[in-house]
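Trainee: Turn this into a structure:
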Amino acid sequence: MFESLKVLPPDAIIGIMALFRADQDPRKVDLSVGVYQDDHGRTPVLECVKRAEREIFETQDTKSYVGIAGNPGFNRGMEALVFGHDHAALKDGRLATVQTPGGSGAICVVGHLIHRAKPDTTVYLSDPSWPNHLPLLRLAGLRLEHYPYYDHHEHRVDFESMLKTVNGMKAEDVMLIHGCCHNPCGADLTQAQWRELAQAFERTGAVPFVDLAYQGLAEGLEPDAYGVRVMAEHCPEVLVVSSCSKNLGLYRERVGAASVVSANRAQRDAAFSNLSNVARGIYSMPPDHGAAIVDRVMHTPELRTLWVSELDAMRDRINGLRQLLVDELKERGADFAFVANERGMFSFLGISKEQVVRLREEFHVYMVESSRVNIAGINKGNVDYVVDAIAAVL
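Mentor: Reported below is the predicted structural model:
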């Protein structure tokens, strides 16, 4: 059977990580890996998570399944976090949520739900987008197209072209939009653009699909949810996937959620039963440990306050590093002011592939060949070296 299989090329980012690990130069800097790092280059376990885990270990009395839909407290907590306690979709009982193995699992489940509801749906992905969006949705059997999003020359969202795409979409076509901290470009929609976009979806009958993987890491938990909430105010149907990998540092625990806003309670019930049925067919039951941590953090006032404080510190550090990078490059005669205006961990530097290769081979500074960098990989100990290296290849 398997003799027909061919060895596939490694994932681009995984390949760069392998090169970095093999590099013996003590000056090496990894700006490619897509995880938050502190000033010591570590991805820390948050204190709120440690405390929640201790409480869980002391009180948990079973390892039995939690059910196909996952941890009920986690699901309710994620709905309130993403939509707000008083959102009409939540108060009217039009919101269905299931826990998933990470944000990737949520995208997979929603992709299969879309295909089950309307197999000929076209899903539009931003250009550029997170690389794994495409295979996850393609494996669900969906037709995929791209819409213009990032203007590499002007270093901004190409909102006019994006809006033109929405206005040309058919009813029930789907557009996947990054809720905040766009991966990989870091350029986010403004609140005014979200409102205009929501009105366009309302006119056309197209369905917004919001990937909210970084809530809290752009401007804060509430402002980062603005896009989801305004879409759910204007549109009868909204698809949302969310993740706790980044804002709670639970990467390896795989904690995500898939939510569907429906037009009424009856459709909500149908959506929930089908979300659960899709999940049952893919992985049967979700893992519980990470979701139990999130449930405890969100519903224990002391732990929630601690979490928000730790999250604020992570966000402030990333945004501060953006400004530091811009200032240091400016001192060396290079204008990268746009980096300070972007949000989240990622940005394109806008340099050539040849310059990226020089940074890797001559200076041992690693980034994706598109020039996408993880800002969180910069710290006070390496910033001068990184900036000098970038200036040297310009």
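
Trainee: Find the residue closest to residue 379 in space, skipping its chain neighbours.
Mentor: The shortest distance from residue 379 to any non-neighbouring residue, by CB to CB, 6 or more residues apart in numbering, is to residue 39 (4.5 Å). Placement of C-beta: from N, CA and C, glycine included.

Trainee: what does whichever strand or helix holds residue 232 rub up against?
Mentor: In this structure, residue 232 sits in helix 226-234 according to DSSP states H and E. Residues outside helix 226-234 that contact it (CB atoms under 8 Å, 6 or more residues apart in numbering): 82-84, 87-89, 177, 179-180, 189, 191, 194-195, 197-199, 201-202, 208, 210, 212, 238, 240, 261.

Trainee: Quick check on these: which are buried?
Mentor: Buried by 16 or more other CB atoms under 10 Å: 82-84, 87, 89, 177, 179-180, 189, 194-195, 197-198, 201, 208, 210, 212, 238, 240, 261, out of the contacts of helix 226-234.

Trainee: quick one: the spatially closest residue to residue 198 that is not a sequence neighbour and residue 208, what's the gap?
Mentor: Residue nearest to residue 198 in three dimensions, not counting chain neighbours: residue 234, with 4.0 Å by CB to CB, 6+ apart. In this view, residue 234 and residue 208 are 9 Å apart by CB to CB, to the nearest Å.

Trainee: same check, this time on residue 193
Mentor: The separation that residue 193 has from residue 208, given CB to CB, amounts to 13 Å.

Trainee: From the contacts of helix 226-234, which land in strands?
Mentor: 177, 208, 210, 212, 238, 240, 261 (DSSP state E).

Trainee: quick one: the strands in the stretch 251-394 of the chain?
Mentor: Along the stretch 251-394 of the chain, counting by DSSP state E, counting those that start in this stretch, strands occupy 255-261, 346-348, 365-366, 372-374.

Trainee: Which one of those lies nearest to residue 288?
Mentor: strand 255-261 (9.8 Å; CB to CB).

Trainee: okay, now residue 339: neighbour count?
Mentor: For residue 339, the neighbour count with other CB atoms under 10 Å is 20.

Trainee: wouldn't it be in contact with residue 325 here?
Mentor: Yes - with contact defined as CB atoms under 8 Å, residue 339 counts as touching residue 325 (5.9 Å).

Trainee: who touches both of these two?
Mentor: residue 375.

Trainee: re the thing from before, closest one to residue 154 among the strands of the stretch 251-394 of the chain?
Mentor: Closest among the strands of the stretch 251-394 of the chain, using CB to CB: strand 346-348, at 12.0 Å.

Trainee: Quick one: mean pLDDT for the closest one?
Mentor: For strand 346-348, mean pLDDT rounds to 97.

Trainee: Give me the distance between it and the centre of its chain.
Mentor: 14 Å (CA atoms, centre = their mean, to the nearest Å).

Trainee: Just the residues contacting it, thanks.
Mentor: With CB under 8 Å, 6+ apart as the criterion, strand 346-348 contacts 34, 150, 152, 155, 181-186, 322, 338-339, 370-375.

Trainee: List the neighbouring strands of it plus their orientation.
Mentor: With DSSP bridges as the test, strand 346-348 is paired with strand 372-374 (antiparallel).

Trainee: residues touching residue 54, list them.
Mentor: Contacts of residue 54 (CB under 8 Å, 6+ apart): none.

Trainee: For the longest helix seen in the chain, buried residues please.
Mentor: Ranked by residue count under DSSP state H, the longest helix found in the chain is helix 301-331. By neighbour count with 16+ other CB under 10 Å, helix 301-331 contains the buried residues 303, 306-308, 310-311, 314-315, 317-319, 321-322, 324-326, 328-329.

Trainee: just to revisit the earlier point, of all the strands of the stretch 251-394 of the chain, which one is nearest residue 272?
Mentor: strand 255-261 (7.7 Å).

Trainee: For residue 98, list the residues it contacts.
Mentor: 68-70, 75, 109, 257-258, 272, 275-276, 279, 286.

Trainee: again with residue 389
Mentor: Each residue near residue 389 by CB under 8 Å, 6+ apart is listed here: 359, 362-363, 365.

Trainee: Same check on residue 330?
Mentor: 336-337.

Trainee: Am I right that residue 52 is in contact with residue 302?
Mentor: No - Residue 52 is beyond contact range of residue 302, at 10.4 Å (criterion: CB under 8 Å).

Trainee: Now name the helix or strand holding the closest residue to residue 35 other than its chain neighbours.
Mentor: Leaving aside its chain neighbours, residue 35 sits nearest to residue 43 (4.9 Å; criterion: CB to CB, 6+ apart). In the assignment (DSSP H and E), residue 43 maps to no helix and no strand.

Trainee: Number of residues surrounding residue 43?
Mentor: Count around residue 43 with other CB under 10 Å applied: 13.

Trainee: One more: residue 348?
Mentor: 22.

Trainee: The one 3 residues further on too?
Mentor: The local packing of residue 351 (other CB under 10 Å) involves 18 other residues.

Trainee: residues contacting it?
Mentor: By CB under 8 Å, 6+ apart, the neighbours of residue 351 are 371, 390, 393-394.
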